[in-house]
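Colleague: here you go, sequence then predicted model.
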Amino acid sequence: MFPIYPGQCRKDASFNLGVGCSLLYLIAASKNELTKMGELQKQMETLLQNVKGELKTKDAMSKAIESDVTLAYSTTDRQEGSNSNDRLSFQSQTTSIALTDSETTIVSQQEEYVEGIDELEAEFEAELERLQIHLDGENSLKPSQQQGIRVTVEDTASNRSCSLSFREAIDPQNSGTEVHCGVPPTELERRLHELLEARQQERIKELEAALERAMLKLREKEAEISWWKDTARLLSHHVPGSSSLSSHHNPRTEAHRGSVAHKSEMRRRSCQSRGHWAEVELVKGKFLNLDGCFMWTEDTVPIYHLRAFPSLPAGSPTATASEFKLSPTDEREREREKKKKKKKILLTMSVLLLILFLVSHGGVRRNTTAMALSEHKSAKEPTLDSVRDSLIRQEDTIIYGLIERARFPINSLTYDQSYAKIPGFSGSLVEFVSRETEALQAKILYPPAASVNINKSIWDAYFDKLLALLAAPGDDGNYASTAASDLVCLQQIRLLDLQALSRRIHYGKLVAEVKFRESSKDYEPAIRAQDRDALMKLLTFESVEEMVKKRVAKKAMVFGQQVTLNNSTNDNHGKCKVDPSFVSRLYGEWIMPLTKLVQVEYLLRRLD
Ligand SMILES: O=C(O)C(=O)C[C@]1(C(=O)O)C=C[C@@H](O)C=C1
């Protein structure tokens, strides 16, 4: 059984419509085929009838000719009967019949016969030509060698009957009683008739075979159509909302009773196999009890599981779904499973989209970084002012990233290792996305994957401190989006380390380099001494840090404003997408200290 869920209806509507349309199209196409096949069959039957009719006509014609011949010979026989002559022979091959022992010459009536067979002759000229050798042999015979026909007339006292027997002359010179003549028209006609018959038989066989093939094709088409019908029926039965494609019926009409009965048969079987009505699925909507079985109408929507449902007595009135108790356990379980499935699908899709987004984002950013570096290169010597300008510009990107992440609550499951349960990977969802992004970026952008490195201190600081300040507590289930904005903010991948926070922090190396070049005499002793504190003191500018904190707070306020076209309402007044004081603290307590840490680490190795 296929449960139909109400939530799917809207989503599948277009799919259903598409399926319905294609089915209708196919059924229409098959119907056309069927009609064509029917026409073809009719044509063939007509043709067959014609051929048979023609054959019959020709049979009748040949019989008539034969009887005429018989009659002619009988007459001749009677005429020469007084002469007690037993034999008749044809003197002429084509035109006359002569009595050997009398002067009587019977003018042949062959023209009459030939008239009847002219048509046949014309038709079978081709066949005659094929038999040319045979006929030539006959035609080329000399008069003495000509095939003759021995005509034996049996004369009895009581009844003078005439029998004609045709055969080739055994010995034309044998006896004076045997009269030699050419091929008589009857013989010719007989042979033509035989040929005709043979050809017609062949043709009939061909037509019968063609008819059989057509019938076969017709049956195939019929089977195909019924298959499509079944498919359509099954689809309309299993696909939610597809009922809208089928026509609406009144459940109380006989017509509907038929269509419902068909469906119910399917249901009945499944119910019987389970034994009685112990466990059935019922479609919500109007129900009709026919012949003691439970029926349903076509305007059905969701399916409810029904346990231990007793069968209704025959002829019970129409009932509604609301009259039946639904199993709450089943219902809840089904809803939960449905939600889980939905979440999984969404998560997978989001992760894929996220990975693609990060990869493309990273690519763009990398180009930006290259541009920034070339900026300095073109200026030949970066100064403290120029690198500070760059840091100020980066503030915008970071603040926008923070605003994006602040859209979601903490969503701690994004970072929960036990939640993700990704086969072949132990870690949280954000770690997984990070790793996949990293691997993909390494494949696409950076062939030496080994050079990809995760900056653990930034990673830890972000999740341990920043997140709690940035995002509101709670869970809205948007784990993939959460992970995406975390990674945009963080961009912990070292090769893309000039991105957002990480980029800014690692930019400290450049700042440190500039500082070292501008005051190398001050820095060298501390470096040689590997004095971290001294270096930290040297590179720290309290006033600059205060300015940075104030500026980013202001930017957060400006960038995080809710912009509406309606100026009259001050609903959003004072509301910021990200808390400005948080951004200020973020810079003061985390971003700048980390930038300084990077500077110290860089300077410690500067003289290596
Ligand atoms: O502007 C500088 O001199 C920096 O080194 C940058 C930065 C910062 O991270 O913004 C770091 C240390 C200073 O104390 C001031 C600012």
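Modeller: Looks like it came in fine.
Colleague: and L47, that's in a strand?
Modeller: No: under DSSP: H, G, I helix; E, B strand; the rest coil, L47 sits outside any strand and is assigned helix.
Colleague: wait, it touches E206, no?
Modeller: No: between L47 and E206 there is no contact under C-beta atoms under 8 Å: 10.5 Å. Any C-beta I mention is one placed from the backbone N, CA and C, and that applies to glycine too.
Colleague: next up, the contacts around L216.
Modeller: For L216, no contacting residues are found, by C-beta atoms under 8 Å, 6 or more residues apart in numbering.
Colleague: same deal with the one 4 residues further on?
Modeller: Residues in contact with E220 (C-beta under 8 Å, 6+ apart): none are found.
Colleague: rounded mean pLDDT for the host helix or strand of it, please.
Modeller: Using DSSP states H and E, the element containing E220 is helix 185-238. For helix 185-238, mean pLDDT is 75.
Colleague: and for stretch 540-560?
Modeller: The model assigns stretch 540-560 a mean pLDDT of 95.
Colleague: neighbour-wise, which of L47 and E206 wins?
Modeller: Taking neighbours as other C-beta atoms under 10 Å, L47 and E206 compare with L47 leading, 14 against 10.
Colleague: relative to the ligand, how far out is that one?
Modeller: 98 Å (C-beta to the nearest ligand atom, to the nearest Å).
Colleague: now that residue, nearest residue through space, not along the chain?
Modeller: The shortest distance from L47 to any non-neighbouring residue, by C-beta to C-beta, 6 or more residues apart in numbering, is to L207 (6.3 Å).
Colleague: the one you found and R199: what is the separation?
Modeller: Applying C-beta to C-beta, to the nearest Å, the value for L207 to R199 is 12 Å.
Colleague: what do you get for K42?
Modeller: Noted for K42: a distance of 24 Å to R199, by C-beta to C-beta.
Colleague: which of these two has more residues huddled nearby?
Modeller: Comparing K42 with R199 by other C-beta under 10 Å, the one with more neighbours is R199, at 14 against 10.
Colleague: tell me the buried residues in stretch 36-51?
Modeller: 37, 41, 44, 48 (16 or more other C-beta atoms under 10 Å).
Colleague: next, the contact list for the residue of the stretch 351-500 of the chain found nearest the ligand, please.
Modeller: Closest to the ligand within the stretch 351-500 of the chain is R388: 4.8 Å, counting by C-beta to the nearest ligand atom. Taking C-beta under 8 Å, 6+ apart, we find R388 in contact with 511, 544.
Colleague: that one in helix, strand or coil?
Modeller: Under three-state DSSP, R388 comes out as helix.
Colleague: for S520, see how far away S390 is.
Modeller: According to C-beta to C-beta, S390 stands 22 Å off from S520.
Colleague: more crowded one of the two?
Modeller: S390 (19 against 12).
Colleague: so where is the stretch 251-400 of the chain shaky, pLDDT-wise?
Modeller: 251-333, 348, 350-380 (pLDDT under 70).
Colleague: what parts of it come near the ligand?
Modeller: Neighbours of the ligand within the stretch 251-400 of the chain, by C-beta under 6 Å from any ligand atom: 388, 391.
Colleague: wait, doesn't V430 sit right on D486?
Modeller: Yes: applying C-beta under 8 Å, one finds V430 in contact with D486, separated by 5.6 Å.
Colleague: which neighbours do these two have in common?
Modeller: Taking C-beta under 8 Å, 6+ apart as the criterion, V430 and D486 both touch T414.
Colleague: can you tell me which residues in the stretch 401-550 of the chain are near the ligand?
Modeller: So far as C-beta under 6 Å from any ligand atom goes, the stretch 401-550 of the chain lies against the ligand at 511, 539-541, 544-545, 548.
Colleague: pull the most distant pair out of these.
Modeller: L539 and V548 (14.1 Å; C-beta to C-beta).
Colleague: tell me which of V430 and D486 has more neighbours.
Modeller: With neighbours defined as other C-beta under 10 Å, V430 and D486 compare such that D486 has more, 29 against 23.
Colleague: where are the low-confidence patches of the stretch 401-550 of the chain?
Modeller: 434, 437-459, 461, 488-502.
Colleague: domain map for the protein?
Modeller: As given by automatic domain parsing, the domain ranges for the chain are 8-211, 247-326, 333-604.
Colleague: would you mind pulling up the elements that the helix or strand harbouring V548 packs against?
Modeller: V548 is part of helix 542-559, with elements assigned from DSSP H and E. Judged by 3 or more C-beta pairs under 8 Å, 6 or more residues apart in numbering; DSSP states H and E, helix 542-559 is in contact with helix 384-405, helix 580-586.
Colleague: in the following helix or strand past the first one, what's buried?
Modeller: Using DSSP H and E, the next helix or strand after helix 384-405 towards the C-terminus is helix 417-420. By neighbour count on 16+ other C-beta under 10 Å, the buried set for helix 417-420 is A420.
Colleague: which residues sit against helix 417-420?
Modeller: Helix 417-420 is contacted by residues 413, 426-429, 431-432 when judged by C-beta under 8 Å, 6+ apart.
Colleague: now swap in stretch 44-59 and tell me
Modeller: 120, 193, 196-197, 200, 203-204, 207-208, 210-211, 214.
Colleague: returning to that earlier point: for the residue nearest to L47, give its distance to D416.
Modeller: Distance of L207 to D416, computed by C-beta to C-beta: 79 Å.
Colleague: one more: A13?
Modeller: Using C-beta to C-beta, A13 is found at 37 Å from D416.
Colleague: go on, L384?
Modeller: For L384, the distance to D416 - C-beta to C-beta - is 44 Å.
Colleague: next: Q43.
Modeller: In this view, Q43 and D416 are 76 Å apart by C-beta to C-beta.
Colleague: then K205?
Modeller: Remark: distance between K205 and D416 (C-beta to C-beta) = 81 Å.
Colleague: those two: who's more crowded?
Modeller: D416 (14 against 10).
Colleague: I'd assumed G427 was in contact with the more buried one.
Modeller: No: if you go by C-beta under 8 Å, D416 and G427 don't touch, sitting 10.0 Å apart.
Colleague: in stretch 400-414, which residues are buried?
Modeller: Buried positions in stretch 400-414, judged by neighbour count with 16+ other C-beta under 10 Å: 400-406, 408, 410-412, 414.
Colleague: how about the residues you listed, which pair is most distant?
Modeller: Taking C-beta to C-beta, no two of the buried residues of stretch 400-414 sit farther apart than Y400 and S412, at 23.9 Å.
Colleague: please give the number of neighbouring residues around K515.
Modeller: Neighbour count of K515, defined by other C-beta under 10 Å: 22.
Colleague: no more questions from me, cheers.
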